[in-house]
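Asker: 3D, please:
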Amino acid sequence: MDFTGKVALITGGGGGIGRAAAVGFAERGAQVVVVDRDATLGQGTADILHQQGRDVRFIPADVSKSADVQNYVKATLDAYGRIDCFFNNAGIEGKTAPIMDYDEEMFDRVIAINLRGVFLGMKHVLPVMLRQGSGAVVNTASIAGLVGGPGMSAYIASKHAVIGLTKSASADVARFGLRVNAICPGPVDTRMMRSLEAQRNPEDPDAVIAANRAAIPSGRYATAEEVANLAIYLCSDLAGSITGTQMVIDGGRTGSAGSGVGLKPR
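Answerer: Prediction:
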């Protein structure tokens with residue numbers, strides 16, 4: 001897991017999983033480019049790495065806009081000359097509502113960030129990797145890309161599509177030595193989960209946390225660092241023959257029969 005001399009480009013790098021990945025790549029020797037539409041959060045990640053003496057750049061961008069994506073790719077190449085690892089991670093949760101009540105503008109915004117942003121990222125990063133003859137892409141999907149659920153039609157649709165897009169992109173570039181995979185986190189202890197918990201039950205979000213934990217065999221949310229570590233592994237040489245797949249990190253939630261109840265610890 002040594003990334004010395006390699007360049008890691010991370011979208012949604014301003015917080016949560018993206019920030020954890022930026023720190024993780026940098027600690028393993030990578031030069032890091034952080035992309036985020038929130039300049040305060042993105043620069044905050046860069047400042048953390050600067051304080052650690054790391055080589056990092058921050059580029060503000062809306063990943064749903066082709067010009068912004070082309071700009072962050074160009075800025076990365078201008079700074080470092082290559083892109084070895086692309087963590088295509090930016091995403092939003094949107095609002096929770098039954099599909100018949102779901103706001104059309106919000107639906108379009110979720111699809112634009114979560115799906116179009118992933119598509120545009122690969123559209124403009126993969127040619128760089130093809131010229132290099134090497135590179136690894138990790139797209140952030142979700143267990144919501146594997147199962148359904150109430151109130152999250154836009155998010156769930158977008159994450160199902162990210163998995164399909166991952167498989168298609170992998171088939172396009174595998175013969176050229178490039179790898180494309182997706183990760184599928186379950187509940188992660190981040191801002192996004194705080195937002196969803198509050199939307200589900202504004203009066204008592206802790207009750208939502210308790211219910212979620214009860215449905216996870218491990219009994220807890222994943223940490224951002226644990227999810228980031230999976231993305232970093234998939235970008236490493238240790239994962240050299242892994243491509244075109246999705247890897248779940250959810251404490252056993254989708255692997256169980258829907259119940260978090262198990263044997264009591266001895």
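Asker: Only C-alpha atoms from now on, for both contacts and neighbour counts.
Answerer: Fine.
Asker: Quick one: low-confidence residue ranges for the stretch 151-266 of the chain.
Answerer: Applying pLDDT under 70 to the stretch 151-266 of the chain flags the ranges 257-266.
Asker: which residues of it fall in strands?
Answerer: Ranges of strands in the stretch 151-266 of the chain, per DSSP state E, counting those that start in this stretch, are 178-185, 246-249.
Asker: Mind listing what's buried along the first one?
Answerer: Read it as strand 178-185. Of the residues in strand 178-185, 178-185 count as buried by neighbour count, 16 or more other C-alpha atoms under 10 Å.
Asker: Averaged pLDDT, stretch 112-126. What do you get?
Answerer: Stretch 112-126 carries an average pLDDT of 98.
Asker: Same check on stretch 87-103?
Answerer: The pLDDT scores in stretch 87-103 average 95.
Asker: who touches that stretch?
Answerer: Outside of stretch 87-103, the residues within contact range by C-alpha atoms under 8 Å, 6 or more residues apart in numbering are 8-13, 18, 36, 63, 106-107, 109-110, 113-114, 117-118, 121-122, 137-140, 150-155, 192, 196, 199-200, 231.
Asker: Which of these fall within strands?
Answerer: Among the contacts of stretch 87-103, DSSP state E puts 8-11, 36, 137-140 in strands.
Asker: Farthest pair within those?
Answerer: Spatial extent of these (C-alpha to C-alpha) is set by the pair D36 and V137 at 17.5 Å.
Asker: Export the strands of the stretch 151-266 of the chain to a markdown table and append columns for distance to N89.
Answerer: Shown next, in a markdown table, are those (distance: least, C-alpha to C-alpha, whole Å):
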| stretch | distance to N89 |
| --- | --- |
| strand 178-185 | 10 |
| strand 246-249 | 14 |
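Asker: nearest to T40, of the ones you listed?
Answerer: Closest approach to T40 among those (C-alpha to C-alpha): strand 178-185, 25.3 Å.
Asker: Pull out the buried residues from the helix ranked longest in the chain.
Answerer: Ranked by number of residues, the top helix in the chain under DSSP state H is helix 153-173. Within helix 153-173, the residues that count as buried by 16+ other C-alpha under 10 Å are 153-167, 169-170, 173.
Asker: likewise stretch 128-139?
Answerer: 128-129, 134-139.
Asker: what do you get for stretch 205-217?
Answerer: Residues 205, 208-209, 212-217 are the ones in stretch 205-217 that count as buried (16+ other C-alpha under 10 Å).
Asker: Could you do stretch 144-154 as well?
Answerer: Result for stretch 144-154 [16+ other C-alpha under 10 Å]: buried residues 144-146, 151-154.
Asker: Switch those over to JSON lines; also include distance to L238.
Answerer: Formatted as JSON lines, the buried residues of stretch 144-154 follow (distance: C-alpha to C-alpha, whole Å):
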{"residue": "A144", "distance to L238": "27"}
{"residue": "G145", "distance to L238": "25"}
{"residue": "L146", "distance to L238": "26"}
{"residue": "G151", "distance to L238": "38"}
{"residue": "M152", "distance to L238": "35"}
{"residue": "S153", "distance to L238": "36"}
{"residue": "A154", "distance to L238": "34"}
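Asker: what two of the residues you listed are the furthest from one another?
Answerer: Going by C-alpha to C-alpha, the pair spanning the buried residues of stretch 144-154 furthest: L146 and G151, at 15.6 Å.
Asker: pretty sure T11 is in contact with R37, am I right?
Answerer: No: in this structure T11 lies outside contact range of R37 using C-alpha atoms under 8 Å: 9.0 Å.
Asker: Could you tell me which residues touch both of those two?
Answerer: V63.
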